[in-house]
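Q: here is a sequence together with a model predicted from it:
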Amino acid sequence: MIRDELALRLRSAMERLVAAGEVPEGDYDLPEIAESKSPEHGDYASNFALTAAKKAGLSPRELGERLQKALAADAAFESVDLAGPGFLNLKLTTAALIATVGDVLELGEAYARTRADAPRRINIEFVSVNPNGPITVGSGRGAAFGSTLANVLSSAGHTVHREYYINDGVNSEQMRLFAESVKALVEGRAVPENGYKGDYVQAVADAIGVSGDHGTGWFQTQSQAIMLAKQRDDLATFGVEFDTWFSEQSLHDGGLVDACLLELEAKRMADDEPYRTVLKLAKGGKVEEVERQDQPQDEDDADGTGNTVWLRSTKFADDMDRVLRRKDGRLTYIASDVAYHRDKFSRPLNADKLITVLGPDHHGYIGRLTAVVAALLERPDQHGDGTPLDPIEARIYRTSDERDACAAALAEAKERLEVVIFQIVRFVKEGKPAPMRKRDGNIYALIDLLDELGKIQAPDADLDEQRRIGRDVARYFYLMRSHETHMDFDIDLATKRSDENPVFYVQYAHARIEAVLRKAEEEGLVQFGMPSRDVLGLLTDPRERALIKKIADLPWEVRRCAEDYGVHRLTSYAVELARAYHHFYDGCRVVQPTQPDLSRARIALCRSAQIGLRAVFGLLGISAPERM
RNA sequence: GCGCCCGUAGCUCAGUGGAUAGAGCAGCCGCCUUCUAAGCGGUAGGUCGGAAGUUCGAUUCUUCUCGGGCGCGCCA
């Protein structure tokens, strides 16, 4: 990777200066290498002299001059200039640049992979919607983001496990309502008030057909299975696959939820005392006041099945305690989550770190989910430093040891569980917001979006091809924006005017390369094996240099994305790489029978550009068409 | 009230504390007898919501403020 290489060369120049006594010893950071914005600034630039000047006790210009001198001895640089307040502008020799082309051709798409400094086994859970409807265009964003993030993490050297959590619990209020809606339709009755009304509900009812005398539970099982299969198909069409489809109900069936509740009660992280703790938080999250709200048992409730069981999540900075078991004995959704996370951590192959990708409406869920994990991790035998409880803490914790154990557990939970929220997508159709709630029937299914996009683009193609196009456009569109920013999805723009979508710009570059390579083959210029260094050394045009540098940047981009999850930058990178190729294509004719060596060098460059494009397309989950 | 996110070109949005803030689309002017014109070149378009602070340097970090979206259930 060129940037890493340059950073190391800069550092070793610094070490030479230290050894020569020209610069004091110190704990200098690894230099940063940036792309130069204009050609007169060379290929790359570093602000190292600026950032290290203070530690070196020199002015930035002075340190810059010494570094410049030390770097002049390095054969990789054609020139090293000192500019502005102390920027080092680095121009590479052709020999140093073309080494990249050789590397890429040798490694193929694997050149984009890097080795993580700290490789981890990561479980990434995403989409995970209720099996009560098709995957919507809203979930599409989570699907595109989650699958791409998984690809990126894997490419950055981590072991990645993709997981879908099926919310099929029999206690689920929503799923019961869905089952009742289906049951009503099958039995020819009106769906209940607040029930599910979309066409797809009728489709589920039709698929189930004539009823015997079945209860709601039977309908729930049947309709869930139908919806789940549909979701799985739609996601696969969208290019999203999972290693594990995990059933919530299986936790109940295996008795794991009950076992976890007992465990938490034994640790006194949960209990059935008749109160709920509620924290009043000041700005910045500091606890201002602790309120205990009495939750008296309802005296009229004669069945007396038991008391409400609370998770004392306020011990872990959640703003209120959460119900694990309702008074009537039914378990809540979060109770399943306790067992689910216990299960996830207990699996030997993916226990390091959990990433959970949730939609914007689940923002309020982060605190309690983190508290769930912390409660599981809390070790009651731990002792703290004995600092007495202050009056506020005394209303939350029993002892100072418990406070310290909980703090330690919370810190560990935050380390091991990362909840990533993607922001809302607003769908606009015919200039108006298009609501897509499942219950009012006005849903917008992801698969319908793919079909629409494909039909406009390729009216004569078959359905598979249309959906491929739809998938490429939709995935690219979702991924263009940062997951943490709101986005408008203008459906009219995405369909009627989709030829304006930049996905075609980047794919066109790939199709163009294919055309050039076909032409080269016709002219008998295709060679097997690597062109010699002398031949590759003919790649000296600025457009060739720019293309090589852009190809070389992919591993660096992947690593950045893996660090901060900003996978949307890959779409920008794809555009930049495609642009670099289009510029090269425009200015440098590849196939020239009168100049076979130059042609071969350029063919090699085309091939590495193609490898780069395919690699980034693979990460984004879009196709690399041979013709357009 | 508390929390998360956003405010950058006409529109939709990029922009790891660095040099002259970018792209696509929309607008205007050019370029196909040569490998795909779904392309390329040129042109026009900006008080980076506002104010203070940190810094050699702030669109980027901190605080405040104005405007907008969303979330704060014994629903998931």
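A: Looks like it came in fine. The structure presented is a predicted model; accordingly, all values stated were derived computationally and were not measured.
Q: the spatially most central residue of chain A: what secondary structure?
A: Compute the mean C-alpha point of chain A, and by C-alpha atoms, centre = their mean the closest residue is residue A:149, 3.0 Å away. The local conformation at residue A:149, judged by DSSP: H, G, I helix; E, B strand; the rest coil, is helix.
Q: thought it was touching residue A:568?
A: No - assessed by C-beta atoms under 8 Å, residue A:149 is found out of contact with residue A:568, at 10.4 Å. Any C-beta I mention is one placed from the backbone N, CA and C, and that applies to glycine too.
Q: one step back: return the distance of the residue nearest to the centre of chain A relative to residue A:91.
A: As judged by C-beta to C-beta, to the nearest Å, residue A:149 and residue A:91 stand 36 Å apart.
Q: and the residue nearest to the centre of chain A, how far is that from RNA strand B?
A: Distance of residue A:149 to RNA strand B, computed by C-beta to the nearest atom of the strand, to the nearest Å: 14 Å.
Q: for that residue, give me the pLDDT.
A: Model confidence at residue A:149, given as pLDDT, is 97.
Q: worst-scoring helix or strand of chain A, pLDDT-wise?
A: strand A:432-433 (a mean of 68; mean pLDDT, DSSP states H and E).
Q: other SSEs contacting the helix or strand following that one?
A: Under the assignment DSSP states H and E, the closest C-terminal helix or strand after strand A:432-433 is helix A:446-457. Applying 3 or more C-beta pairs under 8 Å, 6 or more residues apart in numbering; DSSP states H and E, we find helix A:446-457 packed against helix A:137-155, helix A:216-237, helix A:463-480, helix A:491-496.
Q: give me the angle between helix A:446-457 and helix A:463-480.
A: Helix A:446-457 and helix A:463-480 meet at an angle of 110 degrees, taking axes from the mean of the first three to the mean of the last three C-alpha atoms, to 10 degrees as the criterion.
Q: by how many degrees do helix A:446-457 and helix A:137-155 diverge?
A: Helix A:446-457 runs at 90 degrees relative to helix A:137-155, counting by the same axes, to 10 degrees.
Q: kindly export stretch A:526-540 (C-alpha atoms) in CSV.
A: The C-alpha coordinates for stretch A:526-540 follow below in CSV (Å, rounded to 0.1, in the frame of the first residue of the first chain):
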residue,chain,number,x,y,z
VAL,A,526,-3.1,-9.7,-25.2
GLN,A,527,-0.1,-11.1,-23.4
PHE,A,528,-0.1,-13.6,-20.6
GLY,A,529,2.0,-12.9,-17.6
MET,A,530,3.3,-9.7,-16.3
PRO,A,531,4.9,-7.1,-18.5
SER,A,532,8.5,-6.4,-17.6
ARG,A,533,9.5,-3.4,-15.4
ASP,A,534,10.8,-1.6,-18.5
VAL,A,535,7.5,-2.0,-20.3
LEU,A,536,5.5,-0.8,-17.3
GLY,A,537,7.9,2.1,-17.0
LEU,A,538,6.3,3.6,-20.1
LEU,A,539,3.4,4.6,-18.0
THR,A,540,4.5,8.2,-17.4
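Q: is RNA strand B contacted by it?
A: No - counting by C-beta under 7 Å from any atom of the strand, RNA strand B is not contacted by stretch A:526-540; separation bottoms out at 12.1 Å.
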